[in-house]
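# just coords:
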């Protein structure tokens, strides 16, 4: 499925090199506020997307520097509230959705917390096999929460 450019306000393709994560973080940092998120909520989205793309580069692409990650971003304003939706499409040939697991938090070891972070701070996390190509599609949504006084 090709995204309609009118539906997704920002689309970018980033090469699988960690040095470009700063570009993704910067774009989301600017767009988060435009989508009605607080600065803290935006920071959380930046962290989640950074973790997700890092996982694609490290685990899906095995640090190969010439692969691509497509990122589509749009504001949300619907029955669930106002916020942001981010879709990450990778082309990982060897990863199946069943392999994407949270690790047991009772195990005391470094690393492996990226998926826990996604589910903890995002309001919606959905992994799908891409319908139009090999790879995984990750859909993330974050809605603005009104502060309780």
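It's in. Not measured: the values here are computed from a predicted model.
# wait, what's in contact with the most centrally placed residue in the chain?
Centrality entry for the chain: nearest residue to the mean C-alpha point is residue 49, 3.7 Å, by CA atoms, centre = their mean. When contacts are counted by CB atoms under 8 Å, 6 or more residues apart in numbering, residue 49 touches 24, 25, 28, 71, 86, 88, 140. Any C-beta I mention is one placed from the backbone N, CA and C, and that applies to glycine too.
# does it sit in a helix, a strand or a coil?
When classified by DSSP: H, G, I helix; E, B strand; the rest coil, residue 49 comes out as helix.
# any idea of the mean pLDDT for stretch 10-24?
For stretch 10-24, the mean per-residue pLDDT is 96.
# Show me how far it is from its chain's centre.
On the basis of CA atoms, centre = their mean, to the nearest Å, stretch 10-24 sits 12 Å off its chain's mean C-alpha point.
# in it, what's buried?
Within stretch 10-24, the residues that qualify as buried by neighbour count (16 or more other CB atoms under 10 Å) are 10, 14, 16, 21, 24.
# tell me how far the worst-scoring helix or strand of the chain on mean pLDDT is from the chain's mean position?
In the chain, the helix or strand scored least confidently by mean pLDDT, DSSP states H and E is helix 114-121, which has a mean of 88. Mean-position distance between helix 114-121 and its chain equals 10 Å (CA atoms, centre = their mean).
# Repeat that for stretch 132-139.
Its chain's C-alpha centre and that of stretch 132-139 lie 12 Å apart, by CA atoms, centre = their mean.
# mind listing what's buried in it?
Of the residues in stretch 132-139, those with enough neighbours to count as buried (16+ other CB under 10 Å) are 135, 136, 137, 138, 139.
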